[in-house]
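A.B. asks: Need coordinates for the below:
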Amino acid sequence: MLIKLFGAAVQGIDATIVTIEVNSSRGIKFFLVGLPDSAVKESHERIVAALQVNGYKFPTCQIVINMAPADIRKEGSSYDLPLAIGILAVSGAVSPEKLDRYLLIGELSLDGSLQPIKGALPIAICARQQGFEGFILPKQNAREAAVVNNLNVYGVENITEVIDFFNGKRELEPTIVNTREEFYRSQTNFPFDFADVKGQESVKRALEVAAAGGHNLIMIGAPGSGKSMMAKCLPSILPPLSLAESLETTKIHSVAGKLGKDSSLIAVRPFRSPHHTISQVAMVGGGTNPQPGEISLAHNGVLFLDELPEFNRSVLEVLRQPLEDRHITISRAKYTLDYPASFTLIASMNPCPCGYYNHPTRHCVCTPGQVQKYLNRISGPLLDRIDIQVEIVPVPFEKLAERKAGEPSAAIRERVIRARQIQAKRFAGLPGIHCNAQMTSRLLHQYAQPDSHGMVLLRTAMERFNLSARAYDRILKVSRTIADLDGSEAILPKHLAEAISYRNLDRENWAG
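C.D. replies: Now for the predicted structure:
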């Protein structure tokens with residue numbers, strides 16, 4: 001007897017339907033084919049125990065299971081549920097009548113209960129695209145999958161519920177999530193606010209410009225000057241996620257298994273802050289079982305690298321291409337995957353090993369050579385790709401003691417949203433371009449060309465600071481953003497002057 005039912009495999013951030021064919025014949029052996037990994041092969045023992053505990057017998061005949069397409073490697077324990085239901089169907093314990101209308105995914109415990117899986121959201125999207133009537137999965141993942149409309153999502157706790165459903169003895173209740181209501185309700189929940197930051201008005205302005213144009217930024221200053229705190233406040237002034245961005249972000253976190261229990265759509269932009277001991281693979285993604293890296297988990301959000309010179313140089317160098325292309329292609333002998341990686345890079349660092357170079361009150365004990373060597377840990381090409389470079393000085397006691405709160409993030413966010421709306425209108429007919437930081441050279445000539453006075457100012461800065469051609473483009477992009485914040489159609493000399501001031505960490509001029 002031959003039974004067909006369906007599961008799914010996740011590749012990158014998308015899912016592919018896996019057809020599970022179960023055939024019974026005379027004999028006593030059990031065969032599982034179709035390129036399964038060790039975790040899939042171990043499902044036999046889990047299924048036998050789960051069926052026995054719940055009062056069902058494993059068939060005493062030869063079982064051959066094929067997982068097609070056979071050229072895709074099947075990984076993980078999420079195939080336990082469809083394999084168990086298929087085995088029961090060929091033995092007559094489960095009615096096969098409705099099996100081809102549902103997609104099944106779930107890991108079995110030995111008592112028959114279902115454990116959560118990774119990638120529920122992309123699998124649900126794939127199930128809807130392939131025209132399945134419903135999707136049966138562990139209850140912990142039901143809300144995550146239920147954000148997909150036009151698909152019945154059934155969260156179950158035990159295999160007996162699934163068996164009774166297919167035998168017509170039980171009705172399963174679909175999980176219903178009001179996606180839009182939950183999404184918009186959660187968009188203003190932020191743990192940090194700029195109202196709590198005392199002083200540092202110039203740095204707040206730089207962060208506002210970075211948020212308005214999607215620009216990368218680095219802060220350099222003494223320990224305790226507020227670099228990390230202000231970086232953590234940045235998500236509170238970024239424009240809200242659109243539903244499309246939220247869905248894409250949630251897919252990445254779903255595949256990586258980073259979504260919490262009973263969670264649905266991610267409503268706020270992600271903020272990722274990896275430790276400086278991170279490896280290359282953890283940063284960009286990949287591995288034996290491919291997973292998205294930190295740059296993909298920060299997609300549509302912020303990647304914060306604290307103490308930038310302490311990161312392994314090879315880890316920092318792999319950021320170069322994603323910063324330009326906004327996606328990362330992982331190519332290995334057995335697979336090639338493409339992950340999105342459109343993030344805003346925010347970095348912070350001390351100016352020297354002791355941390356007090358250029359400090360207004362404390363004396364630096366480092367030699368000029370040590371200061372230069374410390375800054376040299378960051379390569380010139382990477383520093384060139386950071387649009388805004390600001391120096392932070394410690395907040396004086398008078399500012400710290402003030403009881404008056406600073407400008408709240410909500411007020412700054414309104415200005416950022418207005419600037420982003422101008423950019424959205426400007427780039428409406430250009431796919432893949434959403435903000436000024438993504439402008440190409442052709443778009444720079446079209447939208448970011450300064451007047452004659454501005455060109456004289458820019459020429460003087462280029463010659464004095466010995467800036468590269470990439471730095472020239474970055475200055476124009478930042479000045480375009482500053483003009484948008486100012487509501488100006490033209491780029492004025494004052495906009496260019498502010499943008500040039502954000503290149504003050506240029507190596508030849510900063511460390512003496």
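
A.B. asks: Neighbours of Gln405, how many?
C.D. replies: To be clear, residue 405 is Ala; Gln isn't right here. For Ala405, the neighbour count with other C-beta atoms under 10 Å is 12. Bear in mind the C-beta positions are built from the backbone N, C-alpha and C, glycine included.

A.B. asks: tell me which element it is part of?
C.D. replies: Here Ala405 sits in a region with no helix or strand, counting by DSSP states H and E.

A.B. asks: all strands for the stretch 151-300 of the chain, in order.
C.D. replies: Using DSSP state E, counting those that start in this stretch, the strands of the stretch 151-300 of the chain run over residues 152-156, 217-221, 271-272, 285-286, 291-292.

A.B. asks: now the ones you listed in TSV, with distance to Arg46, mean neighbour count and mean pLDDT?
C.D. replies: Converted to TSV, these look like this (distance: least, C-beta to C-beta, whole Å; neighbours: other C-beta atoms under 10 Å; pLDDT from 0 to 100):
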stretch	distance to Arg46	mean neighbour count	mean pLDDT
strand 152-156	16	23	96
strand 217-221	49	25	93
strand 271-272	34	20	96
strand 285-286	28	22	90
strand 291-292	23	24	92
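
A.B. asks: Now render those strands as CSV, adding distance to Pro239.
C.D. replies: What follows is the strands of the stretch 151-300 of the chain, written out as CSV (distance: least, C-beta to C-beta, whole Å):
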stretch, distance to Pro239
strand 152-156, 30
strand 217-221, 16
strand 271-272, 15
strand 285-286, 26
strand 291-292, 23
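
A.B. asks: how about those, which one is nearest Ile123?
C.D. replies: Nearest of the strands of the stretch 151-300 of the chain to Ile123, taken as C-beta to C-beta: strand 152-156 at 10.5 Å.

A.B. asks: So which elements touch that closest one?
C.D. replies: Contacts defined by 3 or more C-beta pairs under 8 Å, 6 or more residues apart in numbering; DSSP states H and E place strand 152-156 against strand 134-138, helix 142-145, helix 159-166.

A.B. asks: Just the CA atoms of that strand, as PDB, please.
C.D. replies: Only the C-alpha atoms of strand 152-156 are listed here, as PDB (Å, rounded to 0.1, in the frame of the first residue of the first chain):
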ATOM      1  CA  ASN A 152      -6.000  27.300   8.200                       C
ATOM      2  CA  VAL A 153      -3.300  26.900  10.800                       C
ATOM      3  CA  TYR A 154      -3.900  24.200  13.400                       C
ATOM      4  CA  GLY A 155      -1.700  24.100  16.500                       C
ATOM      5  CA  VAL A 156      -1.600  20.700  18.200                       C
END
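
A.B. asks: Can you list the neighbours in contact with that strand?
C.D. replies: Here strand 152-156 makes contact (C-beta atoms under 8 Å, 6 or more residues apart in numbering) with 106, 114, 124, 133-143, 145-146, 162, 165, 172-175.

A.B. asks: Buried by neighbour count, from those residues: which ones?
C.D. replies: Neighbour-count burial (16 or more other C-beta atoms under 10 Å) applied to the contacts of strand 152-156 gives 106, 114, 124, 134-143, 145-146, 162, 165, 172, 175.

A.B. asks: Burial check on Gly92, number of neighbours?
C.D. replies: Other residues near Gly92 number 11, with proximity taken as other C-beta under 10 Å.

A.B. asks: That one: what secondary structure?
C.D. replies: For Gly92, the secondary structure call by DSSP: H, G, I helix; E, B strand; the rest coil comes out as coil.

A.B. asks: on that earlier part again, and of the strands of the stretch 151-300 of the chain, who's closest to Ala437?
C.D. replies: Closest approach to Ala437 among the strands of the stretch 151-300 of the chain is made by strand 217-221 (10.6 Å; C-beta to C-beta).

A.B. asks: Next, the buried residues of stretch 100-107.
C.D. replies: Applying a neighbour-count criterion of 16+ other C-beta under 10 Å, the buried positions in stretch 100-107 are 102-107.

A.B. asks: ok and the helix or strand harbouring Ile85 relative to strand 152-156, angle-wise?
C.D. replies: Using DSSP H and E, Ile85 maps to helix 80-90. Put simply, helix 80-90 runs at 90 degrees to strand 152-156, going by axes from the mean of the first three to the mean of the last three C-alpha atoms, to 10 degrees.

A.B. asks: could you say what helices and strands helix 80-90 packs with?
C.D. replies: For helix 80-90, the elements it packs on are strand 2-11, strand 14-25, helix 43-53, strand 62-68, strand 102-104, strand 107-108, helix 159-166, judged by 3+ C-beta pairs under 8 Å, 6+ apart.
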